[in-house]
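Visitor: Just need the structure, nothing else, for what follows:
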Amino acid sequence: MQYFSVLRKCLLLLHVLLVSGVCAADHQSTTDAPVELRVMTFNIEYGGAHVSFDKVVEAIRLSKSDLVGIQEAEGNLQRLADRLGWHADLHNYAISKYPLIDPPGANGQYIYVEVSPGKIVALANVHLPSDPYGPYALRDGASLEQVLELERLTRLPFITPYLAILPKLVEQAIPVFITGDFNTPSHTDWTLQMVGSRKFLNQSVEWPVSRAVSVAGFVDSWHQMHPDPLKEPGLTWWAGRPPLEMYAPDENDPQDRIDFIWYAGPSTLLSSELVGEENAADVTISVMPWPSDHRAVVSGFSMIPADLPDVVTSKKRVYTLGEDIDIRYQWTDGEHAFISVDKINGDALLLQQSVNGSGHITLAAKDITAGQYRITLGPTDQQTSLIRDVWVLDPAEQPKVEVTGDAFAPGEIIPIRWSNAPGNRNDYVAIVSKEVVTELQTELPWAYISALPHGELRLDPLYSGTNKVLSKGTYVIHLLKDDGFEVLAESATFEIR
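Guide: Purely as a prediction, here's the structure:
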């Protein structure tokens with residue numbers, strides 16, 4: 001790590017430094033100079049448009065953030081970035097003043113933020129499942145053992161893959177930040193000393209998700225800056241925004257701190273603030289009317305950014321016919337490498353050329369047809385080190401979802417495939433009853449489709465967090481947009497019998 005390299009030099013040359021009166025640690029080279037960055041996490045609720053989208057924009061501007069992890073974008077992420085004049089990444093739900101680089105192998109679990117040319121930090125932005133909610137279960141009489149099991153089944157599996165990969169970035173001296181709506185409290189807030197301090201907090205709870213993130217080496221920025229939850233609890237949900245017909249939290253909903261910014265690597269915490277409605281406890285940056293049921297958190301850091309690793313990527317993952325594909329590459333492992341572009345299930349190689357160092361390549365729209373393309377970068381034209389997949393969609397082709405089969409036994413896995421989905425991070429498929437028709441059927445099984453425009457999965461019909469299976473009846477599969485309820489496609493009916 002760069003910290004220790006500087007320290008070793010100072011110790012080895014201490015006698016020289018005492019004579020000269022100069023310490024090498026007093027200043028660093030320009031390339032290793034600290035960078036200050038304000039990181040924000042913000043659940044904008046239902047796309048941020050139900051109270052005031054303008055106020056969402058205003059809140060980010062007033063926070064003086066440089067980088068924001070957004071939850072519940074619901075198709076409005078690019079719109080939000082455009083209003084701010086920022087960059088956006090639909091695979092990670094991040095917006096930033098700085099260029100965003102979606103590296104090969106990240107699989108939507110993290111993104112690089114290029115804070116200066118060739119210098120990066122990493123961001124992972126998460127939104128863990130909201131239901132069933134642990135504090136609700138405690139409020140309604142569940143035992144501690146039942147609630148901990150609920151957390152282990154419902155939320156812990158969603159954060160575990162991030163904790164398997166992000167510490168490896170930290171080991172490479174990359175500053176790493178995790179933002180998100182975790183939909184679960186922190187174990188540091190539910191201690192014996194906190195019991196009785198607010199409604200429904202009636203026992204200490206070792207919440208598994210926050211404990212797991214902490215054990216993985218990450219620091220909770222709010223708690224680090226405000227270590228006494230009795231004096232500064234920093235509650236983020238629920239916020240006092242105007243009531244909406246679809247949902248209005250009230251005093252029977254436990255308030256808690258469930259939105260976090262975690263950090264690790266060569267970073268020093270400078271500040272941590274709440275952004276929310278006027279006169280709310282611990283809020284130091286306010287906007288009225290507040291546009292979300294969540295308050296935002298913004299934390300300031302001083303950090304040493306890392307060198308950009310070798311990479312091949314594109315500005316977007318999903319393009320529309322008529323758009324050029326812009327490719328960025330960097331190769332430092334040897335004098336030159338080969339970059340290739342070919343179409344999956346296609347006949348001809350679209351591009352193959354030798355490259356050296358770093359640069360950009362543009363594939364002209366006239367040479368591109370609809371389909372999936374694979375961009376590869378490697379030391380020879382026969383060896384691939386890095387892979388980037390992109391999709392080109394025909395706007396004339398509508399999204400489609402299909403079920404393989406027309407009848408299933410209760411509990412049987414249901415094979416599903418889809419095509420021409422928009423590729424948003426949280427596009428998903430859900431089972432919908434054709435017999436019990438309600439506006440929303442959120443209690444039925446569903447699954448994210450990994451932001452893939454084309455793909456297939458096998459949907460487990462078990463209800464989330466329970467052992468219930470679908471009852472006998474007639475169902476369809478809906479393909480839905482970006483964590484919302486906009487139906488993009490509906491399958492033919494199938495039976496559970």
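
Visitor: can you map out the helices along the stretch 101-250 of the chain?
Guide: 134-139, 144-154, 156-171, 208-215, 221-225 (DSSP state H, counting those that start in this stretch).

Visitor: Output those helices as JSON lines; include the columns mean pLDDT.
Guide: Putting the helices of the stretch 101-250 of the chain into JSON lines (pLDDT from 0 to 100) gives the following:
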{"stretch": "helix 134-139", "mean pLDDT": "96"}
{"stretch": "helix 144-154", "mean pLDDT": "95"}
{"stretch": "helix 156-171", "mean pLDDT": "96"}
{"stretch": "helix 208-215", "mean pLDDT": "98"}
{"stretch": "helix 221-225", "mean pLDDT": "98"}
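
Visitor: So which of these is nearest residue 393?
Guide: Among these, helix 156-171 comes nearest to residue 393, with 27.3 Å by CB to CB. Any C-beta I mention is one placed from the backbone N, CA and C, and that applies to glycine too.

Visitor: Give the buried residues for that closest one.
Guide: For helix 156-171, the neighbour count (16 or more other CB atoms under 10 Å) marks 156, 158, 159, 162, 163, 166, 169, 170 as buried.

Visitor: what about the helices of the stretch 101-250 of the chain, which gets the closest to residue 89?
Guide: Across the helices of the stretch 101-250 of the chain, the minimum distance to residue 89, taken as CB to CB, is reached by helix 156-171, at 16.1 Å.

Visitor: Who are the contact partners of the most centrally placed residue in the chain?
Guide: Compute the mean C-alpha point of the chain, and by CA atoms, centre = their mean the closest residue is residue 125, 2.6 Å away. If you count contacts by CB atoms under 8 Å, 6 or more residues apart in numbering, residue 125 has them with 41, 69, 70, 71, 92, 93, 94, 111, 178, 179, 180.

Visitor: Look at the fourth one and say how many residues are nearby.
Guide: By the other CB atoms under 10 Å criterion, the neighbourhood of residue 71 contains 25 residues.

Visitor: That one touches residue 127, doesn't it?
Guide: Yes - between residue 71 and residue 127 there is a contact under CB atoms under 8 Å: 4.2 Å.

Visitor: got any residues that touch both of these two?
Guide: In contact with both residue 71 and residue 127: 43, 93, 180, 181, using CB under 8 Å, 6+ apart.

Visitor: Can you get me a residue count around the third one?
Guide: Using other CB under 10 Å, the number of residues around residue 180 comes to 25.

Visitor: now it: how far from residue 186?
Guide: Residue 180 sits 13 Å away from residue 186, going by CB to CB, to the nearest Å.

Visitor: Mutual contacts of those two, please.
Guide: Common neighbours of residue 180 and residue 186 (CB under 8 Å, 6+ apart) are residue 260.

Visitor: quick one: stretch 422-431 to chain centroid distance?
Guide: Here the centre of mass of C-alpha atoms in stretch 422-431, compared against the chain's by CA atoms, centre = their mean, to the nearest Å, lies 15 Å away.

Visitor: thinking again about what came up before, got JSON lines for the shared contacts of residue 71 and residue 127, with distance to residue 374 and pLDDT too?
Guide: Formatted as JSON lines, the shared contacts of residue 71 and residue 127 follow (distance: CB to CB, whole Å; pLDDT from 0 to 100):
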{"residue": "43", "distance to residue 374": "34", "pLDDT": "98"}
{"residue": "93", "distance to residue 374": "24", "pLDDT": "94"}
{"residue": "180", "distance to residue 374": "30", "pLDDT": "97"}
{"residue": "181", "distance to residue 374": "33", "pLDDT": "98"}
